[in-house]
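Undergrad: Pasting the sequence and the predicted model now:
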Amino acid sequence: MHKHFVEDKTFDKVNFKETVLLKEEYENCMFTTCNFSDTDLSNVKFISCRFDHCNLSMALLGNTAFKNINFTNSKMLGLRFDHCSQMAFEITADNCILNHCSFYQVKLKNTVFTSVQFEETDFTEADLTGVVFNNCNLHKAVFENTILEKADFTTAYNYALDPELNRIKNAKFSLNGISGLLHKYQIEIIH
């Protein structure tokens, strides 16, 4: 199958549930207020693209490539990032909703997430070395056998993770969030 290359194009207010996104490579493209919900993005390559005010909820990501991608003000419920191509996988997110997503075994080293909701998101066996969770809601997020070395949780909230089941050497936590490290002991911490 012949693939096409799309470069430096802006897609504004496109509903990809009605307009099919071709299985192409998109480089340095801007997607603004686009709807990708419930669409099949399998085998599409996105390189140095930006998604602003988009809805990607429940999109299929089989072998989808996300290289140097920025998501801003976007809704991405139930995405399986573990199904993406992991070669050069690199994303950032700012003011987004990433609830019920899976990052199982995904490498996210040094990624910065700002004001992101990660409710019930799975980070099992992911490599989050140096990740910054800046003002992120991690309510019921799953951390198990996760590499969290040098990760920054100082402004994150609602997290609960077991230091015995994760690698947390040199990770940063605030005094207010310390209860998230001790939740399994069912103790009361008084401030």
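TA: Nice, thanks for sending it over. Numbers count the residues shown, from 1 in each chain.

Undergrad: State the phi and psi torsions of residue 177.
TA: phi -100, psi 0 (degrees, to the nearest 10).

Undergrad: Tell me the confidence at it?
TA: Each residue has a pLDDT score; the one for residue 177 is 71.

Undergrad: Got the confidence number for the residue nearest to residue 173 when sequence neighbours are not counted?
TA: In space, residue 173 comes closest to residue 153 once its chain neighbours are excluded; the distance is 4.9 Å by Cβ to Cβ, 6 or more residues apart in numbering. In this view, the C-beta of every residue, glycine as well, is placed from N, C-alpha and C. At residue 153, the model reports a pLDDT of 97.

Undergrad: Hmm, residue 171 and residue 153 touching each other?
TA: Yes. Residue 153 lies in contact with residue 171 (Cβ atoms under 8 Å); the separation is 6.5 Å.

Undergrad: picking up where we left off before, contacts only, for the residue nearest to residue 173.
TA: Each residue near residue 153 by Cβ atoms under 8 Å, 6 or more residues apart in numbering is listed here: 133, 159, 171-174, 177, 180.

Undergrad: Only the buried subset of those, as a ChimeraX command please.
TA: If you want just the buried ones from the contacts of residue 153 in ChimeraX, going by 16 or more other Cβ atoms under 10 Å, the selection is:
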select :133,159,171,173,177,180
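
Undergrad: Look up phi and psi at the residue nearest the centre of the chain.
TA: By Cα atoms, centre = their mean, the chain has its centre lying nearest to residue 98, at 6.2 Å. Per-residue torsions, residue 98: phi -120, psi 40 (degrees, to the nearest 10).

Undergrad: Tell me how far it lies from residue 71.
TA: Using Cβ to Cβ, to the nearest Å, residue 98 is found at 8 Å from residue 71.

Undergrad: So the chain: which segments form each domain?
TA: Domain ranges of the chain: 1-76+85-93, 98-191, per automatic domain parsing.

Undergrad: which among the contacts of residue 153 gets closest to residue 115?
TA: Residue 115 lies nearest to residue 133 out of those, by Cβ to Cβ, at 10.0 Å.

Undergrad: Can you name every helix or strand that the helix or strand where the closest one lies contacts?
TA: Using DSSP states H and E, residue 133 maps to strand 132-134. Counting contacts by 3 or more Cβ pairs under 8 Å, 6 or more residues apart in numbering; DSSP states H and E, strand 132-134 is packed against strand 112-114.
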